[in-house]
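S.K.: below are the sequence and a predicted model for it; my questions follow.
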Amino acid sequence: MGDLTMDFLRLMLMAVMLLTSLQGQATEPAAAPVPATPTPATQEVEFLRNPDAACTDCHKEQAYGMHGKHGQATNPNNLAPVTCTNCHGLPSPQHREGVKDVMRFSGSFNDQQSALQDKLSGANDTQSDEAYPIAEQNGVCMSCHEPKPLREALWAHDVHATKLTCTSCHQLHPAKEPMAGIPEKSRIKLCVDCHNKQHEAIRATNAAPGKEAQ
């Protein structure tokens, strides 16, 4: 009987010690989690120089930024502001020496026809020269301006798209675009004036020496 009592007491003592040990572990503060290594922030590179700075060094009329709507426009192809090189292309190192290696847009149709008549009549030896074909000039404009909105804005865009450059009627970056908000009567007069110039130029060409008048 005495041995059984001793064994019972030993078991009770071991149980108390085990219980005390478990309670001590439960009251110990949890170890602080090891902080994760922070991911370094991505640095965005910002160009400090105006992308048009090299152009405006010589083209002083645009030194304070491109005028007109193009100056505040966003290029839909890259969602960045429109720059000189978006339309004119990248010049070569020889450009400063006078090499004509960027897109040049022709002037208004009336100016071209007047220059042609003057040249044929001998009054002026200079002629408005289109540096690039109509399709190439208009192709630059169409890289941003979609045909459908242009067609919906005015039917004349479709009629003249392959016969005249966009700059025959529009100016690229004036302080105010002369075609914006033009009244209907003025628009009709513009059509009449241009077509009269066209017919006069044809008559002057046919009347030139070596040509039979028609």
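M.R.: Arrived safely, thanks for sending.
S.K.: what segments of the protein are helices?
M.R.: 2-27, 53-56, 68-71, 84-88, 109-121, 134-142, 147-153, 156-160, 184-207 (DSSP state H).
S.K.: okay, now the residue nearest to A73 when sequence neighbours are not counted: neighbour count?
M.R.: Taking C-beta to C-beta, 6 or more residues apart in numbering as the measure, A73 lies nearest to V82, with 4.7 Å between them; neighbours along the chain are not counted. C-beta coordinates here come from the backbone N, C-alpha and C atoms, glycine included. Other residues within reach of V82, judged by other C-beta atoms under 10 Å, total 20.
S.K.: with C87 instead?
M.R.: For C87, the count of nearby residues is 20 (other C-beta under 10 Å).
S.K.: shaky segments in the chain?
M.R.: Scanning the chain for pLDDT under 70 picks out 1-4, 16, 19-50, 62-67, 108-131, 208-214.
S.K.: mind putting the helices of the chain into CSV with distance to K100?
M.R.: As requested, the helices of the chain are exported to CSV (distance: least, C-beta to C-beta, whole Å):
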stretch, distance to K100
helix 2-27, 86
helix 53-56, 14
helix 68-71, 21
helix 84-88, 11
helix 109-121, 18
helix 134-142, 14
helix 147-153, 28
helix 156-160, 26
helix 184-207, 25
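S.K.: right, and these - which one's nearest H170?
M.R.: In this view, those are compared for proximity to H170 by C-beta to C-beta, and helix 134-142 is the closest at 8.4 Å.
S.K.: now M17: how far from T165?
M.R.: Look at M17 and T165: by C-beta to C-beta, to the nearest Å, they are 100 Å apart.
S.K.: between the two, who's got more neighbours?
M.R.: T165 (25 against 10).
S.K.: which one of the helices of the chain lies nearest to E97?
M.R.: Comparing those by their distance to E97 (C-beta to C-beta), the top pick is helix 53-56, with 14.0 Å.
S.K.: by contact count, what packs against the closest one?
M.R.: The elements that helix 53-56 packs onto, with contact taken as 3 or more C-beta pairs under 8 Å, 6 or more residues apart in numbering; DSSP states H and E, are helix 84-88.
S.K.: what's stretch 153-172 in contact with?
M.R.: Identification of contacts with stretch 153-172 by C-beta atoms under 8 Å, 6 or more residues apart in numbering yields 68, 70, 87, 105-109, 112, 130, 134-135, 137-138, 141, 147, 150-151, 177-179, 190-191, 194.
S.K.: ok, C84 - how many residues close by?
M.R.: Using other C-beta under 10 Å as the criterion, the residues surrounding C84 number 21.
S.K.: now swap in T56 and tell me
M.R.: 16.
S.K.: quick one: contacts for the closest residue to Y132 other than its chain neighbours?
M.R.: The shortest distance from Y132 to any residue that is not its chain neighbour, by C-beta to C-beta, 6+ apart, is 6.2 Å, and that residue is M103. In this structure, M103 makes contact with 87-89, 131-132, 136-137, 140, judged by C-beta under 8 Å, 6+ apart.
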